[in-house]
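Visitor: Sequence and predicted model, in that order:
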Amino acid sequence: MPETTQFAGIDGTTGGYNSLQAGTVLLARYKIMSVLGGGGQGAVYQARDLNFPDVKKLVAVKEMLNPATDPSLRASTIKTFQREANILATLSHPAIPKIYDFFDWNDRAYLVMEYIHGSDLEELLSKTKSLPVDKVIEWAIDLCDVLEYLHNHQPEPIIFRDMKPANVMIDNLGKARLIDFGIARTFQPNVKKTMIGTEGYSAPEQYKGNAAPSSDIYSLGATLHHVLSRRDPRLEPPFSWPERPLLDLNDQVPPALAAIVEKAVEFDPEKRFQSCLEMKKALEELRYRPFSMGGDNGHHALDRREEVSKFLSGELGSQPEPRWQFKTEDEIRCNPIVYRDLVFVGSYDTNMWALRLQNGELVWKFATNGGIASSPIIDEENRAVLFGSEDYSFYSVDIRSGRINWSYRTEGRIRSTAQLAHGRVFFGSDDGHLYGLMAANGRFLWKYDLGSEVQSSPVVTNEIIIVGSASGEVAAVDLSGGKRKWGVRAKRGVLSSPYVDQVEGFCYFGSSDQHVYAVDTSVGFTAWRFHTRGSVISSPTMQNGILFFGSADNNVYAIDAQTRREKWKFATEKPIVGSPTIYQDAVYIGGTDGYLYCIDINTGKERWKFKTNGPITSKPCIAGDTLLVGSMDHTLYALPLIG
Amino acid sequence: MDLFRRLFSQTSTKPENAPEELNKEQGEPDNVETKQFTEVSEGNDVTESAEYTPSDGATRPLPLESVISTKNSHLRFGQSTDVGMVRNNNQDAVLSFFSTSRSVEEQPDFGLFIVADGMGGHHDGEKASAMTARLVTNHVMNHIYLPMLNDRGSNDRPPITEILVEGVQKANADVISQVPEGGTTLTAVTVIGDLAYIVHVGDSRVYLVTKDGLEQITRDHSLVRRLIELDQLTEEEAVDHPQKNVLYRAIGQSETLEVDANTKRLPPNSRLLLCSDGLWNLVDDKEIGEIVMSHDNPQEACDKLVALANTRGGTDNITAILLLIPG
């Protein structure tokens, strides 16, 4: 009979732990087949009960280590194990695995119990994308039932103390079973500092050693919160449930269920359910309330109720009426710009339009030979509007008359918006170059080869100019001579404009590789990046340390640049390609769903939205109390700013 | 060298005669040809000397102090660790690395500073902290510093923050498998140029000190800190709380580890202090601020902080690293 390898570290020194080998037979009855799990406390094995030679009767064998060296300590530990095993042996509940045997052998204790076919919740969470809410409710009811049974045990209530996803198995019949009754706990070694491992699920009073039935209720709530939100509480600061509201994280969760979970994890035990029976009853109510998946479930109803009350109290604005709108002959993809009483916007109809800000009356239009996707900028000193066209040329046009001052031809389409600095104008071309020309007369100064289309708008800071390209390369080039200072590379194209925070010395830009990057501008090292689920073609903008941008994953993000945590996320139905504009306490951004959204800068809640008939891919412009935005429905809208 | 060029280059003042070498070392009047300087050119890293009065027509050498430029100053650091007055062994691990260079390639200054406070019976704590400090350093050298020395060109390496967090998580995995009963805190500061990248797990701390005051940059991953944040406990109650030393996050605890990571620009003339709780538990913020700002020698300041903690009982191992940022 193969012997177990002697546990080398039984005197307490660490030396590694040797588990039983497959084939070992314990007590001449239990043949070890494989290791199911376990760790520092001792392994759990799958074994076969040889008393039933004709069938394969499987059992689970839990091994408990006793690393104490002091003989009386060892004896008392064994007594503790025995006492708990005796209690377990008398328990009878469908959710509790049956205990068959208990013995010690070779300085270790063994517990033989029912083998459960199934997976634990931790495994299920890692193997699935989502778990159906109605099943979670059923499991919660099963668990409340078994906890209630334990809490009502005579003569003394049994507190489970370790409720967490890893200790809940879902068997082949879909029922929840409790495993690991803490009987396999080792004697805690005397450590200088106590480390609590899986405390994400432990109630606050448990840290003081006071476990009560309400602690189990807390842990059950924590387990349900993890399963429904898919956010592991061990990875967050303890007791930070309010930072992760269930309704925000899982739109399949009905508000009533969120309320039950939140009540269970109240910090103060007095505020939780006072018994599992109470919690179970609350969950049972949910069983019979009809709600459909991905449709008109309670969550949306609540939203609409909120909307109605907000509307009535004047909080939610109705759609604003445009002051005027001007229809061009093709899509408007670029941002409008205002100079005094004029507004300029380019259209895919090849024209640069100059309209009166007041009423949208046409003042002049300038025709090029290609669509205009680049946004115009104003050169005040030379009284000109500067912009590029897909006809390969860059133009300077007189503000008042609409007559050409000069033009410069590159070897590719120009979609990048120019930047003006020190009397020079900088812009990129699809011919792969960043150009620097004299703004007054278009005289060529230098060009820098980025190797692929430059559609992003360059940003000038201190003495460098930063621009991205279609290959993902972002270069910082010296303003005076076009000499490269540094470069970083994203995995896919950088099509939007970088944003530079001069004070902190960071440059932020989005990439089609779904990230927003933060680069230390003094040395050109990428400090961090933020992941979204879609290309970031929107140009970020920042205020008070919060970075705002849209992603093709349909969301508008507000992230804290310091902590890199999401402050809020605003969901729309379609990708966001346009860039946000901030004005006072609101964020204005257009979506490809055709809406121009006004979002509260602090809460991320919608204030109002304006519908156009085509995607909005540009950035709104604000002048005084008017907001100007162009849409791919060919129209430029002038909206009054509310409040 | 820079000053020399500035004083004699064509774009600034135009000396009538051919330039002569200014003897910086001795500054003796006999070795210097008479030269009239009508003005000092721009890029003033020359301090004005009160005695220098150019209007009397006589020529004299510039005072030495006005010629010393601060362009070559760089970060200086001190490092101290002590077993304390009560413990038998020192389970803290500490490491400092700093490199500064000047050349046409413009390599940024680079520093790595680590404090790890080990915990666990017997020798597990010191094994865990030593191993963690070494592994993190190894990772940073291989993935950040050495690549920096290779021709940088356009880099597509992962962001610095991600590389650092990965290093900490690898160390965590190794500690769990090789020192299963041990754990450690880990606080590491990587300085590139004037930007500090801080990665942190546990209750060792990083403070930024300026003449305006002291700011604790890291968050203690201790239970009492969390209870204080939630207004469940006051600072006073925390001092004697039974779970004062309980950490909810440490290296060697669990396979999934969340690492705090942030960046901080280091202002000129500021100080950055990394320390284990053996220091901050016995020396309060105000005292730390005073000692740190009043010493120009960072090693002396560290030694003083450690000594102060010892006079207060030295109940735990004490470790400190102090960085002095140039002005």
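Guide: Yep, that arrived.
Visitor: Please count neighbours and contacts with C-alpha atoms only from this point.
Guide: OK.
Visitor: List the pairing partners of the longest strand along chain B within its sheet, with orientation.
Guide: Ranked by residue count and defined by DSSP state E, the top strand of chain B is strand B:110-119. Paired with strand B:110-119 in the same sheet, following DSSP bridges, are strand B:92-99 (antiparallel), strand B:183-184 (antiparallel), strand B:186-192 (antiparallel).
Visitor: Now do the buried residues in that strand.
Guide: For strand B:110-119, a neighbour-count test (16 or more other CA atoms under 10 Å in any protein chain shown) marks B:F110, B:G111, B:L112, B:F113, B:I114, B:V115, B:A116, B:D117, B:G118, B:M119 as buried.
Visitor: could I get these as JSON lines with pLDDT?
Guide: Listed next are these as JSON lines, based on pLDDT from 0 to 100:
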{"residue": "B:F110", "pLDDT": "96"}
{"residue": "B:G111", "pLDDT": "97"}
{"residue": "B:L112", "pLDDT": "98"}
{"residue": "B:F113", "pLDDT": "98"}
{"residue": "B:I114", "pLDDT": "98"}
{"residue": "B:V115", "pLDDT": "98"}
{"residue": "B:A116", "pLDDT": "97"}
{"residue": "B:D117", "pLDDT": "96"}
{"residue": "B:G118", "pLDDT": "95"}
{"residue": "B:M119", "pLDDT": "90"}
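Visitor: and which of these is nearest chain A?
Guide: Of all the buried residues of strand B:110-119, B:M119 has the smallest distance to chain A: 6.0 Å, by CA to the nearest CA.
Visitor: got the domain boundaries for the chain?
Guide: Just going to use chain A. A:25-114, A:119-188+A:200-310 (automatic domain parsing).
Visitor: wait, I meant chain B there
Guide: B:1-72, B:76-324.
Visitor: Kindly check the end-to-end length of the longest one for me.
Guide: Between the opening and closing residues of domain B:76-324 there is a gap of 5 Å (CA to CA, to the nearest Å).
Visitor: Output the set of residues of the stretch 201-327 of chain B in proximity to chain A.
Guide: By CA under 8 Å from any CA of the partner chain, the residues of the stretch 201-327 of chain B that approach chain A are B:221, B:226, B:242-243, B:245-250, B:253-254, B:256-258, B:261-263, B:265.
Visitor: just the buried members of these?
Guide: By neighbour count, with 16+ other CA under 10 Å, those hold B:221, B:226, B:243, B:245-250, B:253-254, B:257-258, B:261-263, B:265 as buried.
Visitor: Please report the distance of B:N155 from A:D520.
Guide: 13 Å.
Visitor: For B:D316, give me phi and psi.
Guide: Backbone torsions for B:D316, taken as degrees, to the nearest 10, come to phi -140, psi 170.
Visitor: Pull the contacting residues for it.
Guide: Contact partners of B:D316, counting by CA atoms under 8 Å, 6 or more residues apart in numbering or on different chains, are B:V83, B:G84, B:M85, B:V86, B:R87, B:D277, B:G278.
Visitor: The fourth one reaches B:G314, doesn't it?
Guide: Think B:V86. Yes. With contact defined as CA atoms under 8 Å, B:V86 and B:G314 form a contacting pair (6.4 Å).
Visitor: So, low pLDDT: which residues of the stretch 101-250 of chain A?
Guide: Within the stretch 101-250 of chain A, the stretches with pLDDT under 70 are A:181-199, A:207-210.
Visitor: which residue ranges form the helices in it?
Guide: Secondary structure of the stretch 101-250 of chain A by DSSP state H, counting those that start in this stretch: the helices cover A:121-127, A:133-151, A:213-229, A:246-249.
Visitor: cool, and the stretch 51-200 of chain B?
Guide: With DSSP H, counting those that start in this stretch as the criterion, the stretch 51-200 of chain B has helices spanning B:64-67, B:124-140, B:146-149, B:160-178.
Visitor: that older thread, how far off helix B:124-140 does the longest strand of chain B point, in degrees?
Guide: 160 degrees (axes from the mean of the first three to the mean of the last three CA atoms, to 10 degrees).
Visitor: any idea how far strand B:110-119 is from the chain center?
Guide: With CA atoms, centre = their mean, to the nearest Å as the basis, strand B:110-119 stands 11 Å off its chain's centre.
Visitor: go on, stretch A:402-421?
Guide: Distance, centroid of stretch A:402-421 to centroid of chain: 40 Å (CA atoms, centre = their mean).
Visitor: Same check on stretch A:455-469?
Guide: The answer for stretch A:455-469 is 29 Å, by CA atoms, centre = their mean.
Visitor: repeat for stretch A:234-244
Guide: 15 Å.
Visitor: residues of it that come out buried?
Guide: In stretch A:234-244, counting by 16+ other CA under 10 Å, buried: A:R234, A:E236, A:P237, A:P238, A:F239, A:W241.
Visitor: Just list the residues touching A:I378, thanks.
Guide: By CA under 8 Å, 6+ apart, the neighbours of A:I378 are A:I337, A:Y339, A:A384, A:V385, A:L386.
Visitor: Okay, and which of those residues map to strands?
Guide: Per DSSP E, the subset of those in strands is A:I337, A:Y339, A:A384, A:V385, A:L386.
Visitor: could you list every residue that touches the last one?
Guide: Residues near A:L386 by CA under 8 Å, 6+ apart: A:P376, A:I377, A:I378, A:D379, A:F394, A:Y395, A:S396, A:V397, A:A418.
Visitor: can you pull the contacts of the nearest residue to B:G183 once chain neighbours are set aside?
Guide: Closest residue to B:G183 apart from its sequence neighbours, by CA to CA, 6 or more residues apart in numbering or on different chains: B:G252 at 4.5 Å. By CA under 8 Å, 6+ apart, the residues touching B:G252 are B:A128, B:N172, B:A173, B:V175, B:I176, B:V179, B:P180, B:G182, B:G183, B:T184.
Visitor: Same check on A:G594?
Guide: A:K611, A:T612, A:N613, A:G614, A:P615, A:I616, A:S631.
Visitor: how close does it get to A:Y149?
Guide: 57 Å.
Visitor: go on, A:L228?
Guide: For A:L228, the distance to A:Y149 - CA to CA - is 25 Å.
Visitor: With neighbour numbers in mind, choose between the two.
Guide: Per other CA atoms under 10 Å in any protein chain shown, whichever of A:L228 and A:Y149 has more neighbours is A:L228, with 24 against 18.
Visitor: Can you report phi and psi for the residue nearest to the more buried one when sequence neighbours are not counted?
Guide: Setting aside the residues directly before and after it, A:L228 is nearest to A:N250 in space (CA to CA, 6+ apart), at 6.8 Å. Dihedral pair for A:N250: phi -140, psi 110, per degrees, to the nearest 10.
Visitor: A:N250 contacts A:S229, correct?
Guide: Yes. A:N250 is within contact range of A:S229, at 6.0 Å (criterion: CA under 8 Å).
Visitor: isn't A:K569 right next to A:D560, touching?
Guide: No. Contact criterion CA under 8 Å: A:K569 and A:D560 do not qualify, at 11.8 Å.
Visitor: I'd like to know the predicted local confidence at residue 39, please.
Guide: Looking at chain A here, since you left the chain open. Per-residue confidence for A:G39 comes out at a pLDDT of 51.
Visitor: looking at chain B here, not the other one
Guide: 38.
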